[in-house]
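>>> Could you work out the structure for the sequence below:
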Amino acid sequence: VQLQASGGGLVQPGGSLRLSCAASGFSLDYYAIGWFRQAPGKEREGVSCISSSIGSTYYSDSVKGRFTVSRDNAKNTVYLQMNSLKPEDTAIYYCATGTILCTIVPGPYEFWGQGTLVTVSS
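Numbering: from 1, shown residues only. Below you'll find the predicted structure:
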């Protein structure tokens, strides 16, 4: 069971990035996926999640209206489209799964990817 997060990088304020979370060793079809981030010196923060079945989504207030989570079950991959990025979005972004519950609380998630760094700076 492995999750691989990718797509991070350096972007200017107002720019966009799309993160990917690819699963291997198991199917994401029946699981919710959560996105989390951790900035230097801060606690891990839940950003978004997408459910397994009807694909319902949830966003933290800090990213609502700017980030969009989606999934492609055929590719066993979940995406996080990040628009209108701000310097405060700078963090390592993680994807997680292993629960059917769409939540931005980290506790229920069993499997975590290694993280991808997003830096928003001019």
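>>> who's the residue sitting nearest the centre point of the chain bridged to?
Central residue check for the chain by C-alpha atoms, centre = their mean: the C-alpha nearest the mean position is that of W35, 2.8 Å away. Under the criterion DSSP bridges, W35 forms beta bridges with S48, C95.
>>> so what's the closest residue to T77 other than its chain neighbours scoring on pLDDT?
Closest residue in space to T77, ignoring its immediate chain neighbours: A22 at 4.8 Å, by C-beta to C-beta, 6 or more residues apart in numbering. For every residue, glycine as well, the C-beta is placed using N, CA and C. Among the per-residue scores, A22 shows a pLDDT of 96.
>>> in a strand, that's where A22 is, yeah?
Yes: A22 sits within a strand when classified using DSSP: H, G, I helix; E, B strand; the rest coil.
>>> and it, how many neighbours does it have?
18 (other C-beta atoms under 10 Å).
>>> and what of A91?
By other C-beta under 10 Å, 22 other residues sit near A91.
>>> Let me see the contact set for it.
Contacts for A91 (C-beta atoms under 8 Å, 6 or more residues apart in numbering) come out as 37-39, 42, 45, 117-118.
>>> go with 6 Å
Listed by C-beta atoms under 6 Å, 6 or more residues apart in numbering, the contact partners of A91 are 37-39.
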